[in-house]
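Novice: Predicted model and sequence below, questions to follow.
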Amino acid sequence: MRPNIARLIAGVLDEQVEDNDDFDDLDFAIRVRNALRLSMVLPGDLAALVWSSPLARSIYLRLRIDATVRAQRQWVQRGFATELVRLAADSDEDSEAIAASGVIVRTTRSKATGGWIITLRLAVDAFEELPTRLSVRLSDKGGMTWLEGQLDSYGGLDGLWQDATITPRERLRSHGLTIEFF
Amino acid sequence: MAGAGPEFRTVLFPMEGTSELTALHVELAPAFDQIARFASAPHLPEAVDILMDARVVDPAATRADGVQVTVERSGFAGKSYGLSLAIADKQMRFGSDWPGVVVATGVIAPRGRGGVAGIDGFAAKVNAVISHSVSAPTPVAFAFPRANWDAADADVRAALEAAEVDGRLTLVRCTSISDAQRLWRTPGPARRPLWAVLLAAMLLLMGGVAAWQYVSLTDVRACRASVQAMPDHDAPPAMLAATIASCERAARRLPDDGHLAFQIGQLRALDDNERLAAAAWKRAAELGDADGMASYGRWLWQSDTAPGRSPDPASVDRALLWLKGAAAAGSPAAADDIGAIMLDAGKMEEARIWMIRAREQRAKIAKAR
């Protein structure tokens, strides 16, 4: 969503007044919690309540954070990696794989544009226990965000390398990668 | 897949709200071959699903070819770039004889068996395409949904027809993606993996001694001769049917010949009959044929990880059993596949071991020649 549109929507939502006398916050919380175990995208009826009710929105945001923390904790408990190391053996001039348990990151130079493409893919067994449409952030230990966004329905996310002054490979020489869910 | 063709293919598409066209590029990405998420496409989160819908008209063995997609400009909404993506994807994988630029707009209908659905803002997009065609140095093919043509105002149709009469545009009205097939080469009915072709050819040559023991059997001779005469691609259906019939007769005479069963599997695959191919490969594998084990294992693995199917760990385990049997019998392709399965599972160390083993087995085969 573009920043100005997000600001516009936020302004409208801030002005909302709770006028739903029939709203059952406990029932809503249980349904949202159950839904977030499967997917970070709520079903239509719950999403409609989030958009229309400040109380529902407040509950949803709290439960969403809980769900993310739970997913991150489960990821670690199941032995999947939060840090990735460079795999020199699987590298060539235009492509490089950086792998760890449950996740592969591939950097590939596009022959069409000359730019670098960053592709993150979770292994099937790593992805299947996570709620779908979970957001993921791939960053390096120097504070640069490589990728950020929702995982697609195949447990992957793609992005373009943004820093024209350095290639991903050069950056990897001095900084390891970390993966986190949010 | 295209051989030594261009490194990428570009199709232009008009964006709503601008009079300019945007380039969409597709290039091959072997690292993503045969995995469920076979395409990498920054800023196009629906690309895998669109390609999956557009590739239903392609030979089954090519539907999970790995590709990488980039767009010149991002920040657009909607899926009207779907037809341009589908065409660029097929041009890249199968090659193209179209001499000029391709512009396309249209939605690939979700689960629509390759159907092309209409778009919004067609008239404005037509103006952008016609403007582009005036200055384009080469012929422009414009692919768009037939639904939009049918619903278009008379002046929009007239403008397009005038551009076509002038020779600036070739109009490609699409109800299905197949309607645009003149923009890419016709793929073979089913692509035989290179390793299978090489191995089959090598075994046919090296297995002469074994073959001669039943040289007196007419059907077997006919089967072998037909197999050898088969072209790599685009075998005429009648020739394929005759070869299959001949080899099936031979198999009835020699029911315990594993390699014959394997060849029948290959022929069934060429005939796009996955079920019968798998049955023949299974028979060959059970008879201990290395190629049969490799093919059946690969089929179990790929049918499990095929787009749209839920992965079943038990199926991958079964695949691994056969693949390991084939690798033990010296099949480098099976070792490669095991490596890929390990890579997919994030088991990098094991993947590396199997890939090294595949290389070693290939070197051994080459030396034996």
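Specialist: Everything's here; your move. Numbering: from 1, shown residues only, chains lettered A, B, ... in the order given.
Novice: Could I get the contacting residues of residue 120?
Specialist: Just so you know, I chose chain A. A:Val103, A:Ile104, A:Val105, A:Val136, A:Leu138, A:Leu147, A:Gly156, A:Leu157, A:Asp158, A:Ile179 (Cβ atoms under 8 Å, 6 or more residues apart in numbering or on different chains). The way it works is simple: take the backbone N, C-alpha and C, and place the C-beta from them, glycine included.
Novice: my question was about chain B
Specialist: By Cβ under 8 Å, 6+ apart, the contact set of B:Asp120 is B:Glu16, B:Gly78, B:Ser80.
Novice: Return the residues of chain A in contact with chain B.
Specialist: Residues of chain A lying close to chain B (Cβ under 8 Å from any Cβ of the partner chain) are A:2, A:87, A:89-90, A:95, A:97, A:99-104, A:106, A:108, A:110-113, A:115, A:117-119, A:121, A:123-126, A:128, A:150, A:152-156, A:158-160.
Novice: any idea which residue of chain A is furthest from its center?
Specialist: Of all residues in chain A, A:Asp21 has its C-alpha farthest from the mean position, at 34.7 Å, by Cα atoms, centre = their mean.
Novice: Could you measure from that residue over to B:Arg249?
Specialist: Separation of A:Asp21 from B:Arg249 (Cβ to Cβ, to the nearest Å): 80 Å.
Novice: Find the residue at the geometric middle of chain B.
Specialist: The centroid of chain B falls nearest to B:Thr62 when counting by Cα atoms, centre = their mean (1.4 Å).
Novice: Show the pLDDT at that residue.
Specialist: pLDDT recorded at B:Thr62 is 90.
Novice: Surely it touches B:Pro187?
Specialist: Yes - when contacts are counted by Cβ atoms under 8 Å, B:Thr62 is listed as touching B:Pro187 (6.2 Å).
Novice: Common neighbours of the two, please.
Specialist: B:Arg93, B:Phe94.
Novice: in the sheet, who's paired with the residue positioned nearest the centre of chain A?
Specialist: With distances taken as Cα atoms, centre = their mean, chain A has A:Ser135 as the residue nearest its mean C-alpha position (1.7 Å). According to DSSP bridges, the residues that bridge with A:Ser135 are A:Gln150.
Novice: Would you quantify the distance from it to A:Gly159?
Specialist: For A:Ser135 relative to A:Gly159 (Cβ to Cβ), the value is 13 Å.
Novice: Give me the common contacts of the two.
Specialist: Counting by Cβ under 8 Å, 6+ apart, the contacts common to A:Ser135 and A:Gly159 are A:Glu148, A:Gly149.
Novice: Can you check my assumption that B:Thr170 lies in a strand?
Specialist: Yes - under DSSP: H, G, I helix; E, B strand; the rest coil, B:Thr170 sits within a strand.
Novice: And for it, the neighbour number?
Specialist: Counted with other Cβ atoms under 10 Å in any protein chain shown, residues neighbouring B:Thr170 total 18.
Novice: Would you mind confirming that it makes contact with B:Ala143?
Specialist: No - using Cβ under 8 Å as the test, B:Thr170 is too far from B:Ala143 to be in contact (9.2 Å).
Novice: shaky segments in chain A?
Specialist: Counting by pLDDT under 70, chain A shows low-confidence ranges at A:1-3, A:20, A:86-92.
Novice: Run through the residues that contact B:Val56.
Specialist: Neighbouring residues of B:Val56 by Cβ under 8 Å, 6+ apart: B:Arg63, B:Arg113, B:Gly114.
Novice: between those, which is closest to B:Asp289?
Specialist: Nearest to B:Asp289 among those, counting by Cβ to Cβ, is B:Arg63 at 26.6 Å.
Novice: Check the spacing between that closest one and chain A real quick.
Specialist: Going from B:Arg63 to chain A by Cβ to the nearest Cβ, to the nearest Å gives 15 Å.
Novice: right, and that residue touches B:Arg55 too?
Specialist: Yes - judged on Cβ under 8 Å, B:Arg63 makes contact with B:Arg55 at a distance of 4.4 Å.
Novice: which one of those two has more residues nearby?
Specialist: Relative neighbour count places B:Arg55 above the other of B:Arg63 and B:Arg55, with 23 against 19, counting by other Cβ under 10 Å.
Novice: Contact residues of chain B facing chain A?
Specialist: Residues of chain B found near chain A (Cβ under 8 Å from any Cβ) are B:7-8, B:10, B:25, B:27, B:29, B:31-32, B:35-37, B:40-43, B:45, B:48-49, B:68, B:70, B:72, B:75, B:305, B:311, B:313, B:343-346, B:348, B:352.
Novice: Quick check: beta-bridge partners of residue 104?
Specialist: This is for chain A. A:Ala99, A:Arg121.
Novice: was after chain B, sorry
Specialist: Under the criterion used (DSSP bridges), B:Ala104 bridges to B:Ala143.
Novice: Next, the contact list for it, please.
Specialist: B:Ala104 makes contact with B:Val11, B:Leu12, B:Phe13, B:Leu83, B:Ser84, B:Ala86, B:Ile87, B:Phe142, B:Ala143, B:Phe144, B:Val172, B:Ala180, according to Cβ under 8 Å, 6+ apart.
Novice: Can you give me the buried ones in stretch A:121-140?
Specialist: Neighbour-count burial for stretch A:121-140, counted by 16 or more other Cβ atoms under 10 Å in any protein chain shown, picks out A:121-127, A:130-131, A:134-140.
Novice: same check, this time on stretch B:171-179
Specialist: Judged by neighbour count (16+ other Cβ under 10 Å), stretch B:171-179 contains these buried residues: B:Val172, B:Arg173, B:Cys174, B:Ser176, B:Ile177, B:Asp179.
Novice: Torsion angles phi and psi at the fifth one?
Specialist: Think B:Ile177. Dihedral pair for B:Ile177: phi -60, psi -30, per degrees, to the nearest 10.
Novice: hey, where'd the helices end up in chain A?
Specialist: Using DSSP state H, the helices of chain A run over residues A:3-14, A:25-38, A:44-52, A:54-77, A:124-127, A:168-174.
Novice: If anything else comes up later, I'll come back, but that's it for now.
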